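*Asks:* my questions concern the predicted model and sequence given below.
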Amino acid sequence: RNNPSDSELVRLGNIVVDRVVPMLMKDIIIKPAFVHGDLWSGNWSVNADTGEPVIYDPSPCYGHSEFELSIMTMFGSPSKDFFKEYYNHHPPQEPYFKERQELYKLYHYLNHYFIFGSGYRGSCISIMRRLCALAENEEKI
């Protein structure tokens, strides 16, 4: 709505909202969690004196715990050991865990597109096309 001249973004966005989101959220339990909201590699570090992890610049909200994971892999990523330990405590919910990560990542790319400009448009369109194709394929089954 903020950029109605981008007809492809609007067209794909409508499909994502109308068909993809209901498909990806069906049959899962979402227990809201308090999330950082902007936990990318630029917002975590290690305290040089204590060796303890430090996170900063939060944009906290209550939401699906999986949401937090999406931005963590956009601009750098924690180690595989991090994710292994995380999943020991919070196993991925199936079906469509990986696809929901793409949906949640789309939120961040759209946010960057509208704040920082068209350099993020290609990532938005690419994710939306993959998600729309998935919904189309699932509907044929």
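*Replies:* All right, it came through fine. Numbers count the residues shown, from 1 in each chain.

*Asks:* only C-alpha atoms for contact and neighbour calcs from this point on.
*Replies:* Will do.

*Asks:* which residue sits closest to residue 77, ignoring its sequence neighbours?
*Replies:* Residue nearest to residue 77 in three dimensions, not counting chain neighbours: residue 41, with 6.4 Å by C-alpha to C-alpha, 6 or more residues apart in numbering.

*Asks:* pLDDT at that neighbour, what is it?
*Replies:* pLDDT, residue 41: 91.

*Asks:* so where is the chain shaky, pLDDT-wise?
*Replies:* 1-4, 141 (pLDDT under 70).

*Asks:* now do the helices in it.
*Replies:* 7-15, 21-25, 65-72, 80-89, 97-116, 121-140 (DSSP state H).

*Asks:* the fifth one: which residues count as buried?
*Replies:* In this case it means helix 97-116. Buried positions in helix 97-116, judged by neighbour count with 16 or more other C-alpha atoms under 10 Å: 97, 99-110, 112-113.

*Asks:* returning to what we had before: most tightly packed of the helices of the chain?
*Replies:* Of all the helices of the chain, helix 65-72 has the most neighbours on average by mean count of other C-alpha atoms under 10 Å, namely a mean of 21.

*Asks:* dump the residue contacts of the nearest residue to residue 110 once chain neighbours are set aside.
*Replies:* Once flanking residues are discounted, residue 110 sits nearest to residue 124: 6.2 Å by C-alpha to C-alpha, 6+ apart. When the contact criterion is C-alpha atoms under 8 Å, 6 or more residues apart in numbering, the partners of residue 124 are 9, 106, 109-110, 113.

*Asks:* can you list those in a markdown table and add distance to residue 52?
*Replies:* Below are those laid out as a markdown table (distance: C-alpha to C-alpha, whole Å):
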| residue | distance to residue 52 |
| --- | --- |
| 9 | 42 |
| 106 | 31 |
| 109 | 30 |
| 110 | 33 |
| 113 | 34 |
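
*Asks:* out of those residues, who's nearest residue 85?
*Replies:* residue 106 (25.1 Å; C-alpha to C-alpha).
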